[in-house]
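S.K.: I need the structure of the sequence given here:
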Amino acid sequence: MERQLLVKRARMQGFLAFDYLRRYAHARKELEGWVRDGLIRYREDILEGIDKAPDAIAGLYRGDNLGKRLIRVAPELA
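M.R.: You can find the predicted model right below:
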């Protein structure tokens, strides 16, 4: 993985959530508020149907997605 970062001149940055489990409840409350207020935005790349799963997974390794890749296997319930 590190080689791919170097070759593609990508940047990887973050932290391990497990290091902060005792602060999870507080962080979740704060983050939910930030998303609700538009201070944090996120992208979802949603593909329709379980038949898309093999290509969806392969696409992750190629970097085809923007944001979190999801596969919707059934319609949403109201």
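S.K.: so what's the spatially most central residue of the chain bridging to?
M.R.: For the chain, the residue nearest the mean C-alpha position is residue 68 (3.2 Å; CA atoms, centre = their mean). For residue 68, the beta-bridge partners are residue 44 (DSSP bridges).
S.K.: Just the pLDDT for it.
M.R.: Here the pLDDT value assigned to residue 68 is 87.
S.K.: right, and it touches residue 42 too?
M.R.: Yes. Assessed by CB atoms under 8 Å, residue 68 is found in contact with residue 42 at 7.1 Å. For every residue, glycine as well, the C-beta is placed using N, CA and C.
S.K.: Output the below-cut-off pLDDT ranges for the protein.
M.R.: 1-2, 5-6, 78 (pLDDT under 70).
S.K.: So what touches the lengthiest helix in the chain?
M.R.: Ranked by number of residues, the top helix in the chain under DSSP state H is helix 24-36. Applying CB atoms under 8 Å, 6 or more residues apart in numbering, the external contacts of helix 24-36 come out as 17, 20, 40, 41, 42.
S.K.: any idea which of the residues you listed is the one closest to residue 64?
M.R.: residue 42 (17.6 Å; CB to CB).
S.K.: Is that closest one part of a helix or strand, or is it coil?
M.R.: Following DSSP: H, G, I helix; E, B strand; the rest coil, residue 42 is assigned to coil.
S.K.: Spatially, what comes nearest to it if we skip its sequence neighbours?
M.R.: Spatial nearest neighbour of residue 42, excluding adjacent residues (CB to CB, 6 or more residues apart in numbering): residue 67 at 6.1 Å.
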